[in-house]
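**Q** Make a model of this:
(one chain, ligands or ions: 2)
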Amino acid sequence: MIISVASGKGGTGKTTIAVNLALSLEKNVQYLDCDVEEPNGHIFLKPKFEKTSIVGTPIPEVDESICTFCGKCAEICEYHAIIVLKGSVLVFKELCHSCAGCWLVCPVNAIRPQERELGVLEQGNVGEIEFIQGQLRIGEAMSPPLIRAVKKAMDPRKTVIIDAPPGTSCPVITAVKNSDFVILVTEPTPFGLHDLTLAVAMIRTMGIKFGVVINRSDIGHDAVQKYCEREQIPILMEIKNDRRIAEAYSRGVPMIKALPEYKTQFQQLYQEVERRVRS
Ligand code: SF4
Ligand code: SF4
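**A** Numbers count the residues shown, from 1 in each chain. Ligands and ions are numbered 1, 2, ... in the order given. A predicted model of the protein is given here:
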């Protein structure tokens, strides 16, 4: 079973939910940190990394001694990542989505794909949990290929917990795609509700089963609960504001290690997700 933990915005406690859900299961679990711009799961789980590999993506390199400057590559590029001038071809590597269109269309084979480094893939273990994370290179914006590389390491025999990037754009869609269930983490604030509605629209479009976890559920108003009721969205778990959770977080200690009484709640969260996936 693949469970993604996502949120419409950062700072809602998404990683806290993902980490503690994984820990509550104890074994046969894979934790995939697909929040590659800011992978934080390792701070709490403290895995021992055993394997590191560089992840790249192919971008075009033009041999201008062969190029006839016909402009076909620029015409096919949806992303305006390659432009043809009189006597030269410019590649804007940060805009390139590695679709291969330009080198396939070039009539004289003047374009060769070259690997551009995006970040690293790190794999290790923490107890019985297999831990995999992507770490995007500083300043790099193209995260989906690295997220796909993290997901490629997925073991379907295990319960896979994906810590997805925040937001509702390409990276999160790449991360949650093909999940059996998405847990959307939110807070009972106007911003939390606004971003939750966007995340719900995205997940509904993708046709994935989902439910909501409300973190710090007693800090704001009940608009999130009312919204979920109106939209018939299951609230899977509510975590009240607890100073001890914040203290454990600031020390990099997972919630259920510092406060074992929460472990059962996370186990029940998993059972509820499993029940909904099977139904
Ligand atoms: S398609 Fe090939 S030959 Fe034409 S401009 Fe691009 S690189 Fe040059
Ligand atoms: S690989 Fe695709 S996105 Fe990149 S420059 Fe070529 S056509 Fe554009």
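**Q** Flag every buried residue along stretch 6-18.
**A** Across stretch 6-18, burial judged by 16 or more other CB atoms under 10 Å covers 6-9, 12-18. Placement of C-beta: from N, CA and C, glycine included.
**Q** I figured residue 206 was touching residue 172, is that so?
**A** No - if you go by CB atoms under 8 Å, residue 206 and residue 172 don't touch, sitting 10.1 Å apart.
**Q** Neighbour count: those two, which is higher?
**A** The neighbour count for residue 206 versus residue 172, taken as other CB atoms under 10 Å, is higher for residue 172 (26 against 14).
**Q** name the helices or strands packed onto the helix or strand hosting that one?
**A** Assessed by DSSP states H and E, residue 172 sits inside helix 170-176. Helix 170-176 sits against strand 2-6, helix 144-152, helix 190-206, with contacts defined as 3 or more CB pairs under 8 Å, 6 or more residues apart in numbering; DSSP states H and E.
**Q** among those, which is nearest ligand 1?
**A** Among the helices and strands packed on helix 170-176, the nearest to ligand 1 by CB to the nearest ligand atom is helix 144-152 (22.6 Å).
**Q** tell me what the closest one is packed against?
**A** Using 3+ CB pairs under 8 Å, 6+ apart, the elements in contact with helix 144-152 are strand 29-33, strand 48-62, strand 111-126, strand 129-136, helix 170-176.
**Q** possible to save the ones you listed as CSV with distance to ligand 2 and mean pLDDT?
**A** Below are these laid out as CSV (distance: least, CB to the nearest ligand atom, whole Å; pLDDT from 0 to 100):
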stretch, distance to ligand 2, mean pLDDT
strand 29-33, 26, 97
strand 48-62, 5, 96
strand 111-126, 8, 96
strand 129-136, 18, 97
helix 170-176, 14, 96
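**Q** can those go into a markdown table with extra columns for distance to ligand 1?
**A** Formatted as a markdown table, these follow (distance: least, CB to the nearest ligand atom, whole Å):
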| stretch | distance to ligand 1 |
| --- | --- |
| strand 29-33 | 38 |
| strand 48-62 | 5 |
| strand 111-126 | 5 |
| strand 129-136 | 29 |
| helix 170-176 | 26 |
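**Q** Need these in CSV (columns: distance to residue 234).
**A** Shown next, in CSV, are those (distance: least, CB to CB, whole Å):
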stretch, distance to residue 234
strand 29-33, 23
strand 48-62, 36
strand 111-126, 30
strand 129-136, 26
helix 170-176, 17
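**Q** what does the stretch 51-200 of the chain put close to ligand 2?
**A** 60, 76-77, 79, 81-82, 96-102 (CB under 6 Å from any ligand atom).
**Q** check contacts around the residue nearest the centre of the chain.
**A** A centroid search over the chain (CA atoms, centre = their mean) returns residue 164, at 2.6 Å, as the residue closest to the centre. Counting by CB atoms under 8 Å, 6 or more residues apart in numbering, residue 164 touches 4-6, 14, 34-35, 171-172, 175-176, 182.
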